[in-house]
Each structure stands twice: as structure tokens, then as C-alpha cells.
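J.: Can you look at this prediction? I've put the sequence above it.
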Amino acid sequence: MVMPAGSRNVYDPRQSRKAEFIQDRLQVLDRLTVESTDLLDVLGQTLHQLTALTAPIHSRATALTNAQQNIAVAKQAVDHLLEHLETSRRVQSVLEAGPGKDLDGFLDALSQLEHSNVFLQQHGSLAAVSQALAHSQQVFNRALEQCDADFRATLAASSRGHAPTTAWLRSNLDADLAVGSPAEATLDLIPSSVLPKLRRMVEIMLEAGYEIAQQGYIQLRDKVLHQALQELGIDSHHPVAAAAVALMGSEVLEKHISGWTTELRAVTLLLVSEQQLAHSIWPSSVSQEVFARLASPHLVNVVQAGRTIVEATRMPDKVFSLLSMHKHLQASLPVLQDLLRGAQGNTDRLLGDLSALLRLISNAAASLFGAYEEGVARDSNKVLPMDGTIHPLTAQVLSYMKRLLSYENAADVMYRSSSGSQVHSEQPDPQDIFPGPPMRTTGSGEAKSALSAGVARLLMQLLDNLEVKSRAYKNDAIAALFLMNNVHYVQWSVENTPAALKLLGEEWLERHKDAVEDWGAKYHDITWMPLVNMLKADPPGDISRVKV
């Protein structure tokens, strides 16, 4: 390569010094790197030795820390256990004083003791716990007994001035609870100011599983119910035996039946208020059960007494008492079903027994009416009025008919089938005791038609029997007069009894008016026709020979 003219290697001192400086620094950096590496190796070895020396100390410190934490936890558990062990002694004086002086303090102490008992039971394996738990449980049980005693005393004292009076009961016995609201016939059985105290005591006792409180409440309220019924002349604790009812005379039995209807209405009326009280004191989870346990014995008495009456009532004229019983039971049954709805236990069976009693009464009424028809047809009384006037059987049957038709429920009771599903009952089938009509209707109109046929059949049996009786007259004129008078009385009674006329109709009435005219015509023919014929005939020559 040809160098350009004038170019040559020129020495530059500044560049040389800079290169030397850089080289020196690189050597120094290299030396420092080597020294740092050696120093790091030494430090690593020293750190390793230090770690080896401090490892036991760290392990010991960790163990001490864990031990300290364990000691703190153990101390806290011991303190907690000691606190529960001492709870019974700490609250014993408050609990022994009873709830009367300081209810809030008593209930708070009882709650603390119950909480401690639960804790001690969970740690029952500890030797120191068993004795303390026994003492705590003993104090707790005594406190519950005192709480229950004060609950009963408070309930009894507050009930005295608010018990149902005889005047209130009698004024509300006829209240139509099935139509009107039951609240209209309720009574505040204890002051409202006492309810909060009773509710708090009940809550504590239920939480403790003290079920004796429920039994005490039921006994006290049952006593109040019994006293209220006694003021009405009803002894619900000593029902009349079936044998005694079967031996009762007509008037005594009528009074006994009236007492049963009064008991039914009074029990229904009182239970409306009792349910309100039970719901005011007891929590919803148990209030209905407590009320059902209170109500059941009284309703069982009503069912048993009702069945005894029906099974002992075999006289046909007692059909009216049965109609009255059916009316009151039918009015009370929906109320009782509503009161006992949702209750556990035997309430379904009890409601089934009440429904079965209703059907039994219905069948018995129909059976007695049928027996009365047969009795009228078979009446063999041969005593006849000498002058051909109204026979006693006629008056009796028409009186029976008028009284029967005065009951608006007669048709439905005797001829209409029960609507709705039947609740299970352990009582015998009513059809097995009183067969009743062979076919029951489903509608009210059909039931009235069946009653119409029954009444028409009854009157036909009466008239047929009277016609047979008339043959005992030796004088045909008196026999015709007898039938004319009796048929006319039947026709006149139906015509002047709106219910009977509506039931039998104008056609029946006109037909029997014709019968009256026919018997009247026969009477005239027998009595007056010979004389009329004699007057029409030519007189004989010798007037003395005319026979009158």
C-alpha cells in the first residue's frame, strides 16, 4: 500500500499515558477481585461456623417460645375451667333467693349456670370436674324447681281475678263461633302485664329441657276450666255412666242432654280463650302442643258422653234432642278443627271421633224417625172417641210433625250425607249402631225432598191406621164422622203450618180436602139420606103405621 504523501507513525504521549493508566486500573481491579473472593470465602466459612454455633440457641429459643404459648393457652383454659367450676358457688345465693325479688338477676344467673353445666359436661373426664358438676347440677335443678314454683304461683294468682264468670259464659254460649270471628268471644284470662315475666320463665325452663313446666301449666288451666264448668252445673271430672243414662226417665234424660249441649258449647267457648293464652305464654314451637294436651281430656269427655246419650236414646220422641245435639256439635266442630289444627299427638283421632259422633247422631235421628213411622203404623190402641172426634194418635202425630219441622236442620241431619273427607276415628262405624236411611242424598234440595216423602209417608201411615180403627165403630155414620174429623184436622194442620205446607205442597193439600169432602158426604148419606128419602116418598094412608 502506498502511503499518502506526507503520512508517517507519530507518537502521541497522551494516548500512551491513558493506556498505561487503564492497564494499571485493570490490574488493581483484578487484584481487588481476587481479594474480595478470598474475603467472601472467609466470611462464608465464618457465617457457616456462626450458624453452627447459633443453631442450638435458635432451637432452644423456638422451644421456649412454643412452651410460653402453650403455657398461656393452658393458663387460659385453666382460668376458663376454674370460672365454670366456681359458677355454681358464685350464683348460688342469687338462685336460692328465687325469682320473686329479682327476676332478671335470677334468670341471668340461671342462664350462666346452664352454660357452665354444658361446659363441665363436655370436660367430664377431668377428675376435678365430676364433683363440681354434681354440685352445679344440683343447684341448677333446685333453681328450675323454684322457677317452676314461681311460674305456677304467678299464673295461679293472676288467673283468680280473670277467671270466666257464669254470667259471661251464659251470655256467650249461643255465640255463633263458626260464622263470627272467635276473637269476639274471647276473654283475657290473665293480665297482659304478667305475660312478659311468664314468657321469660318459660323460655329459660324450655331451654333447660324442664318439661315439668308444661304439665304444671296444663294442671292449673285445667282446674280453671273445671271450675268454670262447675259454675254451669257440669261436673266434667265425674261423667255419668252409660248404665245410669240407660235407666234415666224421659225428663231426666232431656235434662242430661241439655247439660251435654251446654258442656259442648262452654268447652268450645273456653278453649278459644285458652288457645289465645297458650300462644301468649309459650313459644310457637310448643304452644299448640300444650294447648292440645289441655283441650284433649275435655273433648274426650264430650265425645264419650255424647255417644252414651245417643246409644241410650231409643225412644222415637227423642229425635228432637238429637237434632239439637247435632245442631250444636255441627256449629262447634269447625271451631274445634281450627283450634287443634297443626297440633301433634292424638288430635287427628280426636277430631275423627267428633266427626264420627256427628254422623252417629245423624243416623240415630233418622233411625228414630223411621221407628216412629213404624210405631204409628202399628199403633193398636182400640180406645176410640165415642162422638167421632179427634183421635189422640192424630194429635200426637201432628204435634210431632210440627215440632220436627221447626228444626231447620232436620232434612240435612236425617237424609243428607256428610260432605268432605272423613278423619280417622277409632270409634265404631255409626252405621253399625244406627243403620239410618238406606240412601243418603248429597244436596240440600234432595234432602228436603226426602224429608217431604218421609212426612207424607208418616201422615199416610196415620190415616191408614185411623181407617183401620174406624172399623171398630158399630155405627157406620160415626165411623165416617170420625174419619172426616181426623182427616180434616190433618189437612187443617198442614195448611196452617207453613213449613209443612211448603214441604207437602198444594196438590197434597187439595187431595186431602177432597178426602174430607168424601167422608163428609158419606156421613150425610148415612145419617140424613133415609130421612130425606122418606120425606120424598108418598105418605101411607094410615099415618100411624109410619116407622121413624
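T.: That came in fine, so what should we check first?

J.: Can you show me the CA trace of stretch 41-51 as CSV?
T.: Extracted in CSV, the C-alpha atoms of stretch 41-51 (Å, rounded to 0.1, in the frame of the first residue of the first chain):
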residue,chain,number,x,y,z
ASP,A,41,-14.8,-17.3,51.2
VAL,A,42,-13.6,-16.4,54.7
LEU,A,43,-16.9,-14.7,55.5
GLY,A,44,-18.8,-17.7,54.2
GLN,A,45,-16.8,-20.0,56.4
THR,A,46,-17.3,-17.7,59.4
LEU,A,47,-21.0,-17.5,58.7
HIS,A,48,-21.2,-21.3,58.5
GLN,A,49,-19.4,-21.6,61.7
LEU,A,50,-21.7,-18.9,63.3
THR,A,51,-24.8,-20.8,62.1
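
J.: So what's the gap between that stretch and the chain middle?
T.: The offset between the C-alpha centroid of stretch 41-51 and the centroid of the whole chain comes to 90 Å, using CA atoms, centre = their mean, to the nearest Å.

J.: Show me what counts as buried in it.
T.: Residues of stretch 41-51 classed as buried by neighbour count (16 or more other CB atoms under 10 Å): none. Every C-beta, even on glycine, is put in place using the N, C-alpha and C of the backbone.

J.: from now on call the first residue 257
T.: OK, 257 is where the count begins now, so the last one is stretch 297-307.

J.: contacting residues around it?
T.: Taking contacts as CB atoms under 8 Å, 6 or more residues apart in numbering, no residue outside stretch 297-307 touches it.

J.: That stretch - what's its average pLDDT?
T.: On average, the pLDDT along stretch 297-307 is 85.

J.: Can you get me a residue count around Q394?
T.: For Q394, the tally of surrounding residues (other CB atoms under 10 Å) stands at 12.

J.: What strand or helix carries it?
T.: Per DSSP states H and E: Q394 is located in helix 383-416.

J.: could you point out which element follows that helix?
T.: Immediately after helix 383-416, counting by DSSP H and E, sits helix 422-428.

J.: now the helix or strand just after that next one, how far from the centre of its chain.
T.: Going down the chain from helix 422-428, the next helix or strand is helix 451-463, by DSSP H and E. Relative to its chain's centre, helix 451-463 lies at 24 Å (CA atoms, centre = their mean).

J.: Helix 451-463 packs against which elements?
T.: Under the contact definition 3 or more CB pairs under 8 Å, 6 or more residues apart in numbering; DSSP states H and E, helix 451-463 sits against helix 359-378, helix 383-416, helix 468-487, helix 506-537.

J.: The last one: which residues count as buried?
T.: Using 16+ other CB under 10 Å as the test for burial, helix 506-537 gives 509-510, 512-513, 515-534, 537.

J.: Let me know the angle separating the next helix-or-strand element following it from helix 451-463.
T.: Scanning forward in sequence from helix 506-537 by DSSP H and E, the next helix or strand is helix 540-568. Per axes from the mean of the first three to the mean of the last three CA atoms, to 10 degrees, the angle that helix 540-568 makes with helix 451-463 is 90 degrees.

J.: So which bits of helix 540-568 are buried?
T.: Applying 16+ other CB under 10 Å to helix 540-568 flags 543-552, 554-555, 557-559, 561-568 as buried.

J.: so how far is that helix from its chain's centroid?
T.: Using CA atoms, centre = their mean, the offset of helix 540-568 from its chain centre is 9 Å.

J.: Against which helices or strands is that helix packed?
T.: Under the contact criterion of 3+ CB pairs under 8 Å, 6+ apart, helix 540-568 touches helix 468-487, helix 498-502, helix 506-537, helix 575-595, helix 603-634.

J.: Now the last one: buried residues?
T.: Same thing as helix 603-634. Applying 16+ other CB under 10 Å to helix 603-634 flags 603, 606-626, 628-629, 632 as buried.

J.: could you measure T293 against L285, distance?
T.: Applying CB to CB, to the nearest Å, the value for T293 to L285 is 13 Å.

J.: repeat for E751
T.: 146 Å.

J.: Repeat that for N619.
T.: With CB to CB as the criterion, N619 and L285 are 125 Å apart.

J.: try H554
T.: Separation of H554 from L285 (CB to CB) stands at 113 Å.

J.: Likewise for I513?
T.: For I513, the distance to L285 - CB to CB - is 129 Å.

J.: List the contacts of the spatially most central residue of the chain.
T.: The geometric centre of the chain, computed from its C-alpha atoms, lies nearest to L596 (CA atoms, centre = their mean), at 1.6 Å. By CB under 8 Å, 6+ apart, the residues touching L596 are 548, 551, 603, 606-607.

J.: repeat that with 7 Å
T.: 548, 551, 603, 607 (CB atoms under 7 Å, 6 or more residues apart in numbering).

J.: Give me the pLDDT value at it.
T.: 87.

J.: Just read off the phi/psi values of it.
T.: Main-chain dihedrals, L596, degrees, to the nearest 10: phi -90, psi 0.

J.: what about it, distance to K479?
T.: With distances taken as CB to CB, L596 is found 21 Å from K479.

J.: Could you list the low-pLDDT ranges of the protein?
T.: By pLDDT under 70, the weakly predicted segments of the chain are 257-267, 330-359, 366-393, 432-441, 601, 674-700, 793-804.
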